[in-house]
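J.: Whatever this is, show me its structure:
(one chain, ligands or ions: 3)
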Amino acid sequence: MPLMNSREIFKNAYEGKYAIGAFNVNNMEIIQGIVAAAKKEESAVILQVSAGARKYANPIYLRKLVEAAIEETNLPIVLHLDHGDSFELCKSCIDDGFSSVMIDGSALPFEQNIEMAKRVVDYAHERNVTVEAELGKLAGVEDEVNVSIEDATYTNPDQAVEFVERTGIDSLAIAIGTSHGAYKFTGEPSLDFARLEKISNMLPNFPLVLHGASSVIPKYLEMCNMYGGQIPGAKGVPEEMLNRASKFGVCKINVDTDLRMAMTAAIRKVMIENPKEFDPRKYLGPGRDAIEEIVRHKISQVFGSTGSALKLK
Ligand code: G3H
Ligand code: 13P
Ligand code: ZN
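T.: Numbers count the residues shown, from 1 in each chain. Ligands and ions are numbered 1, 2, ... in the order given. Sure thing, here's the model as predicted:
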């Protein structure tokens, strides 16, 4: 099965009212953990690479690892650029063989966001690559950019319709209260479902995307802290809210923090319990297993994409 763009995958997800997990990848063990889970669940999956991941791992290594994952699993896999901040970066990924890109102009004024997204769409669609863009501003930390809660803005539904029409994008990331990182809520978690429903009704059959959608899984948060970590009071998006969002046009749910936390927790445990151990396989292996466990849980219990690969073959 070749690398796929997101078009057909999202069409099926929209109709079936489930979401596809989009997981951030930075190295071999992370990729292997994710695809092992997707294979067991026979689910399509999106592997996404941030600018930071490209810098860390070198894009060629990541692309080759993803090619290996496809060869090994025969799954429908999308290789996606996460938070591309310029036309040049998107073009470079498209030229490198990515099947999907995100152009993130959410920090720009509306007209400039449209202009940049449209330019990427024109280049990408000629090459059968799908494009995600973002409208509204999420709070939280991505790379070196830190958006405070006061500076975050929820997506305006009327603008969303105009944005989609004028850019020709394939999916739209919206801001309804999720945020990047491990500290998403100070009080009770809440998302603006009325806004999501309105956007979804105004954009029928159009795939929406939720960024900043990690749940901060208590088991791994506690494990991190128990074995010397210091991540007090972290809080994520409750799983039932993500599942509910998948019924209102949300076809892609982004997860990075939960992978980081699961892998770190497993590694911390090995390090503390086995101070004499210095074989990297002895801690990276459990890190990979932890990723597989949570991705499998998300696919089967939260996003509902189990079996989605079967309809795409
Ligand atoms: O949304 C951001 C992702 O969590 C990627 O994080 O830029 O540190 O790789 P990163
Ligand atoms: P989390 O920080 O909630 O995992 O969000 C990841 C994300 O949105 C990547 O684009
Ligand atoms: Zn994001």
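J.: which residues touch T73?
T.: Counting by C-beta atoms under 8 Å, 6 or more residues apart in numbering, T73 touches V35, A38, K39. For every residue, glycine as well, the C-beta is placed using N, CA and C.
J.: By neighbours, which of those residues wins?
T.: With neighbours set by other C-beta atoms under 10 Å, the maximum within the contacts of T73 is found at A38, which has 30 neighbours.
J.: That residue sits in which helix or strand?
T.: A38 belongs to helix 28-41 when assigned by DSSP states H and E.
J.: Is there proximity between the helix or strand just after that helix and ligand 1?
T.: As assigned by DSSP H and E, the chain's next helix or strand after helix 28-41 is strand 45-50. Yes - interface with ligand 1: strand 45-50 contributes S50 (C-beta under 6 Å from any ligand atom).
J.: Pull the contacting residues for the residue lying closest to G97 once chain neighbours are set aside.
T.: Sequence neighbours aside, R63 is the residue nearest to G97 in space, at 5.9 Å (criterion: C-beta to C-beta, 6 or more residues apart in numbering). Applying C-beta under 8 Å, 6+ apart, one finds that R63 lies in contact with L79, D96, G97, F98.
J.: For R63, give its distance to ligand 2.
T.: 18 Å (C-beta to the nearest ligand atom, to the nearest Å).
J.: Which strand or helix spans A290?
T.: Per DSSP H and E: helix 280-297 holds A290.
J.: Would you mind listing the residues in contact with the residue lying closest to P59 once chain neighbours are set aside?
T.: Nearest non-adjacent residue to P59, counting by C-beta to C-beta, 6+ apart: D96, 5.8 Å away. For D96, the contact set (C-beta under 8 Å, 6+ apart) comprises P59, I60, R63.
J.: residue contacts, the second one?
T.: Counting by C-beta under 8 Å, 6+ apart, I60 makes contact with D96.
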